[in-house]
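J.: how would this look folded up:
(2 chains, ligands or ions: 2)
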Amino acid sequence: MIRVLEQIGRVFLRLFEETGLWFTMLWRTMAWSVRPPYGVGEWFRQMVRLGVDSIPVVFLTAMFTGMVLALQTFIGFQRVHAESFVGSVVALAMLRELSPVLVGLMVTGRVGSSMAAEIGTMRVTEQIDALEALATDPIQYLFVPRVIAGIVMLPFLVVLGDALGIGGGYLVAVRLMHANPVQYEINTYQFLDMNDVWSGLIKASAFGLILTLTGCVRGYYTTGGAEGVGRSTTAAVVNASLIILLSDFFLTKLLF
Amino acid sequence: MTVATNMEPQSDPNAEPMISLQHIYKSFEGKEVLRDLSIDIARGESVVIVGGSGTGKSVTLKHIIGLLRPDSGHVMIEGRDITEMRPVELNRFRQHFGMAFQEGALFDSMSVFENIAFPLRRHTKMTEEAIAARVEECLEQVHLHGVDGKRPSELSGGMRRRVGFARAISLKPEILLFDEPTTGLDPVISDVVADLIVEMDRTLNTTTVTITHDMKVAFKIADRVAMLFQGHIVEDGTPAEFQRSENPIVQQFIEGRAEGPLTDGTNE
Ligand SMILES: Nc1ncnc2c1ncn2[C@@H]1O[C@H](COP(=O)(O)OP(=O)(O)OP(=O)(O)O)[C@@H](O)[C@H]1O
Ligand SMILES: [Mg+2]
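T.: Ligands and ions are numbered 1, 2, ... in the order given. A predicted model of the protein is given here:
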């Protein structure tokens, strides 16, 4: 019994430690981001890597999510003769919830993991020590451009996801389920509010911060050679995904 | 025989040591690696620290440049305590140092040229032409030609090591640190690298600290050899003194015997 309690205690302690570490690193990243030199070239390179290179993944994810969402709601709503609301449901769900979360998770898998692997490899091959020895702070040089890329680029990807999801839903509803195109379109915009768009974009930025920072932190604290890099990569994806899903709830509550 | 205690006052009060490690203790997860390590290194001196694998030689070197902080003790560089510096200040202070890592630690996302240009671009306002000229000069110094455009992964171990040297000297540091510059190289290249270090030490007039377990290299480049054992310096003297030392630990190490106090001590 005591042993069980001890185990639980240890898990909580670790959780607190990790949370503390995460926020410390967030603070250090913020502090370094306002200090010169800025290395704008590197910021741009990371934005391309995170933003532009993620377009195909976002394209497929958002499109098919919109499509399946339309399909499912159409089937469901047909039973209560509420087909005319499918457009609203798809638009609201995509804008407020699905596009930010799914894009966040997909980019975590694609970019968060590769950041952890890259920085982790730099750690185990002493490249991070070399950076410091060359009077360059690794937080400033590695974290800042990546985190900024996440905060800036995720909203763009989410806008793309929004458009594709709603477009995909439209295609399915109109082409497959023979909804009235004009009616569907009107219905899509009928209940939308600017706040729906904004809340999605704010979430996107928050997720961009979470996934890049988690990837960087996990990579930075890698120990134990190639195996350690593997562990960090997995941890980066699992941690970032969990934090995204948890914070999603609280952000939604906060932003309505 | 001058066992480093550093308790006695400096013979010349003006000749403050360039590097002074004072009673350094360092443990990792309860495992004590450095225990009351003290050593003074004068300006312009070339000191070699020898010792067995895993005795904490790299850890010692990382303390000198502030990559690790001691659990207790002080690291004085030019009379300034770097253990008390704020990170930003320490970061700036590191421009006095050049460090060559055990495996080179080149940035593998950059070409050789970009690796050597990296500190110049970050810390100087040199023009691109001046940077190119300086990179060329550094590569010249380590006797490498026509590798600027290559990626670190395309180079041999010895070449990577030398590119690491070139990067370390690009900002014309006052202190050069070499972590096992010859480990894993064939005897001939080892000798070439040792010559190179002597040459760099002379021409650049730096204070040099080298870590190695190759005694031949040690005797070649050292003004002074110090031996690290069980977390502190057990022997410290000129190469000649070191070779004549009656300390059984040193004897065993120089001769490379399997039995002796060295191996008894590590069978914890
Ligand atoms: N960052 C670290 N975290 C935990 N333990 C460490 C760390 N760095 C070094 N150690 C431990 O300290 C001891 C000394 O390591 P160090 O790298 O200084 O050895 P070394 O003398 O350089 O050996 P080698 O000749 O093999 O390079 C080792 O047992 C190592 O496990
Ligand atoms: Mg070592």
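J.: in the chain, which spans are helices?
T.: Defaulting to chain A. A:2-33, A:40-50, A:55-79, A:86-93, A:99-107, A:113-124, A:127-133, A:138, A:144-171, A:181-190, A:194-220, A:225-255 (DSSP state H).
J.: should've been chain B
T.: Going by DSSP H, chain B shows helices at B:57-64, B:87-93, B:112-123, B:128-141, B:157-169, B:187-204, B:215-221, B:239-244, B:248-255, B:261-266.
J.: Name the residues of chain A found near chain B, please.
T.: Residues of chain A found near chain B, taking C-beta under 8 Å from any C-beta of the partner chain as the criterion, are A:35, A:37, A:122, A:125-127, A:129-137. C-beta: built from backbone N, CA, C; applies to glycine.
J.: out of the residues you listed, what pair is the most spread apart?
T.: The largest separation in these, counting by C-beta to C-beta, is between A:Arg35 and A:Thr125 at 26.6 Å.
J.: any idea which of the helices of chain A scores lowest on pLDDT?
T.: Per-stretch mean pLDDT for those is lowest at helix A:181-190 (a mean of 83).
J.: Show me what counts as buried in it.
T.: Using 16 or more other C-beta atoms under 10 Å in any protein chain shown as the test for burial, helix A:181-190 gives A:184-185, A:187-188.
J.: repeat for stretch B:72-83
T.: B:73, B:75-78, B:82-83.
J.: Of those, which pair is most distant in space?
T.: B:Gly73 and B:Glu78 (17.5 Å).
J.: Chain neighbours aside, what residue packs nearest to residue 148?
T.: Picking chain A for this. Spatial nearest neighbour of A:Ile148, excluding adjacent residues (C-beta to C-beta, 6 or more residues apart in numbering or on different chains): A:Trp43 at 5.6 Å.
J.: meant chain B, my bad for not saying
T.: B:Asp148 sits nearest to B:Phe113 (C-beta to C-beta, 6+ apart), 4.0 Å away.
J.: which one of the buried residues of helix A:181-190 is nearest ligand 1?
T.: Nearest to ligand 1 among the buried residues of helix A:181-190 is A:Thr188, at 56.2 Å by C-beta to the nearest ligand atom.
J.: surely that closest one meets A:Gly87?
T.: Yes: shown here, A:Thr188 and A:Gly87 form a contact pair, counting by C-beta atoms under 8 Å, at 3.9 Å.
J.: what do these two both touch?
T.: A:Tyr170 (C-beta atoms under 8 Å, 6 or more residues apart in numbering or on different chains).
J.: List phi and psi for whatever residue of the stretch 101-250 of chain A ends up closest to ligand 1.
T.: At 6.8 Å from ligand 1, A:Thr223 is the closest residue in the stretch 101-250 of chain A, using C-beta to the nearest ligand atom. Dihedral angles of A:Thr223 (phi, psi; degrees, to the nearest 10) stand at phi -130, psi 150.
J.: can you pull the contacts of it?
T.: Per C-beta under 8 Å, 6+ apart, neighbours of A:Thr223: A:123-124.
J.: where's it relative to B:Ile65, distance?
T.: From A:Thr223 across to B:Ile65, the span is 20 Å (C-beta to C-beta, to the nearest Å).
J.: same check, this time on A:Val89
T.: Counting by C-beta to C-beta, the gap from A:Val89 to B:Ile65 is 60 Å.
J.: Same question for A:Ala31.
T.: From A:Ala31 to B:Ile65 the distance is 23 Å (C-beta to C-beta).
J.: what about the two, which has more around it?
T.: Just comparing A:Ala31 and B:Ile65: by other C-beta atoms under 10 Å in any protein chain shown the higher neighbour count belongs to B:Ile65, 25 against 14.
J.: Please verify my assumption that that one contacts B:Phe101.
T.: No: in this structure B:Ile65 lies outside contact range of B:Phe101 using C-beta under 8 Å: 10.8 Å.
J.: Which neighbours do those two have in common?
T.: A:Ala133.
J.: Can you tell me which residues in the stretch 51-200 of chain B are near chain A?
T.: Checking the stretch 51-200 of chain B against chain A by C-beta under 8 Å from any C-beta, the hits are B:62, B:65, B:67, B:87-88, B:91-95, B:97-99, B:101-103, B:105-108, B:118-119, B:122-123, B:167-168.
J.: what comes up buried for stretch A:155-174?
T.: Quick answer for stretch A:155-174 (16+ other C-beta under 10 Å): A:155-162, A:164-170, A:172-174.
J.: how about that stretch as CSV, C-alpha atoms only?
T.: Extracted C-alpha coordinates of stretch A:155-174, given in CSV (Å, rounded to 0.1, in the frame of the first residue of the first chain):
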residue,chain,number,x,y,z
PRO,A,155,-2.4,29.9,-37.9
PHE,A,156,-1.7,29.9,-41.6
LEU,A,157,-1.9,26.2,-41.8
VAL,A,158,-5.1,26.3,-39.8
VAL,A,159,-6.7,28.8,-42.2
LEU,A,160,-5.8,26.4,-45.0
GLY,A,161,-7.2,23.5,-43.0
ASP,A,162,-10.4,25.5,-42.4
ALA,A,163,-10.9,26.2,-46.1
LEU,A,164,-10.1,22.7,-47.1
GLY,A,165,-12.3,21.1,-44.5
ILE,A,166,-15.3,23.2,-45.3
GLY,A,167,-14.6,22.7,-49.0
GLY,A,168,-14.4,18.9,-48.5
GLY,A,169,-17.7,19.0,-46.5
TYR,A,170,-19.3,20.9,-49.3
LEU,A,171,-18.2,18.4,-51.9
VAL,A,172,-19.5,15.5,-50.0
ALA,A,173,-22.8,17.1,-49.1
VAL,A,174,-23.5,18.5,-52.6
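J.: How many neighbouring residues does B:Ser156 have?
T.: Neighbour count of B:Ser156, defined by other C-beta under 10 Å: 10.
J.: Just the pLDDT for it.
T.: 86.
J.: What does it show for phi and psi?
T.: Main-chain dihedrals, B:Ser156, degrees, to the nearest 10: phi -80, psi 170.
J.: hang on, the residue nearest to B:Asp148 packs against B:Pro152?
T.: No: applying C-beta under 8 Å, one finds B:Phe113 not in contact with B:Pro152, separated by 11.3 Å.
J.: Which one's more surrounded, the two?
T.: More crowded of B:Phe113 and B:Pro152, by other C-beta under 10 Å: B:Pro152, with 22 against 18.
J.: what's the residue of the stretch 101-250 of chain B found nearest chain A in contact with, if anything?
T.: Scanning the stretch 101-250 of chain B for proximity to chain A using C-beta to the nearest C-beta identifies B:Ala105 as nearest, at 3.9 Å. Counting by C-beta under 8 Å, 6+ apart, B:Ala105 touches A:125-127, A:129-130, B:164.
J.: go on, A:Gln140?
T.: Applying C-beta under 8 Å, 6+ apart, one finds that A:Gln140 lies in contact with A:32-33, A:35.
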